[in-house]
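> Got a predicted model here, sequence first, then my questions.
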Amino acid sequence: MKITSTKFIKGLVGDDSILGDGTPQIAFVGRSNVGKSSLINTITQSSSSRTSSFPGRTQEINIFLVKNDLNDSYYFVDLPGYGFARASGIGREKIGELIDSYLFNSIYPQKKLVMIIDANVGMTDKDILMLNELINHDKDFVIVANKTDKLTQSEYHKKIKDLEEMVHGNCKIIPFSNKNKKNLTELIEEIFK
């Protein structure tokens, strides 16, 4: 499967009728500065999602309309990063409420969730909380262990093994790097499955 077009639709700060229009939603969630926007850009081969070196830049739910070579349409939903919010923004608590409301209290189901973690850092306490919530709410999700290019071979094997033990087979784990696009085909297939 190949993505043929990506278009930014709008940023949401709450419930919106666009979420109920029947277009399947694929949501991307992870800590701030873990590479969500870069991952979306790599998958879509575009620069639609704004990236930043500053944690907490995304403070809305950003909706992108993505079409593939089968002429199917999806919404890629770029959620704000959890665990950090710039002081000038809407605040950490509001961002947390926005994420929780979309993921766990919404009447609009997601087709798939992509949870992104930094493979170099491993699962943080906030990642573990999110993982448990996804499992408790019976979400269909995949974990992307991002930034694997920063790991040595021995670190890579240890970090992935630790991650596998932590998720207990509740989801698939895909090691990934935006730099060398490692496992990109597998990731795209998993997302649209």
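Happy to help now that I have it.
> what about stretch 132-145, distance to the chain center?
Once both centres are worked out by CA atoms, centre = their mean, to the nearest Å, stretch 132-145 turns out to sit 11 Å from its chain's centre.
> Show me the contact partners of that stretch.
Contact with stretch 132-145 is made by 39, 103-104, 110-117, 119, 131, 159-160, 163, 167, 170-176, 187, 190-191, as judged by CB atoms under 8 Å, 6 or more residues apart in numbering. Bear in mind the C-beta positions are built from the backbone N, C-alpha and C, glycine included.
> what's the nearest residue in space to residue 36 that is not next to it in sequence in contact with, if anything?
Of all residues beyond its chain neighbours, the one nearest residue 36 is residue 28 (4.8 Å), with distances taken as CB to CB, 6 or more residues apart in numbering. Residue 28 makes contact with 36, 39, 40, 76, 77, 78, 79, 113, 114, 116, according to CB under 8 Å, 6+ apart.
> Looks to me like residue 28 is in a strand.
Yes - following the definition DSSP: H, G, I helix; E, B strand; the rest coil, residue 28 is counted among the residues of a strand.
> about what we covered before: among the contacts of stretch 132-145, which ones are buried?
Taking 16 or more other CB atoms under 10 Å as the criterion, what is buried in the contacts of stretch 132-145 is 39, 103, 110, 112-117, 119, 131, 159-160, 163, 167, 171, 173-176, 187, 190-191.
> Restricted to helices, list these.
39, 103, 131, 159, 160, 163, 167, 187, 190, 191 (DSSP state H).
> Correct me if wrong: the first one contacts residue 147.
No - counting by CB atoms under 8 Å, residue 39 does not reach residue 147; the two are 10.0 Å apart.
> got any residues that touch both of those two?
Counting by CB under 8 Å, 6+ apart, the residues touching both residue 39 and residue 147 are residue 178.
> Give me the buried positions along the longest strand along the chain.
When the chain is parsed with DSSP state E, its longest strand is strand 3-12. In terms of neighbour count (16+ other CB under 10 Å), strand 3-12 has its buried residues at 3, 6, 12.
> can you pull up the bridge partners for the first one?
I take that to be residue 3. When bridges are assigned using DSSP bridges, the partners listed for residue 3 are residue 68.
> hang on, isn't it packed against residue 71?
No - contact between residue 3 and residue 71 fails when scored by CB under 8 Å: they sit 11.7 Å apart.
> so where's the chain shaky on pLDDT?
Residues of the chain that meet the criterion pLDDT under 70 lie in 48-58, 83-92.
> Against residue 161, how distant is the most centrally placed residue in it?
In the chain, the C-alpha nearest the mean C-alpha coordinate belongs to residue 28, at 2.1 Å (CA atoms, centre = their mean). The gap separating residue 28 from residue 161 is 25 Å, by CB to CB, to the nearest Å.
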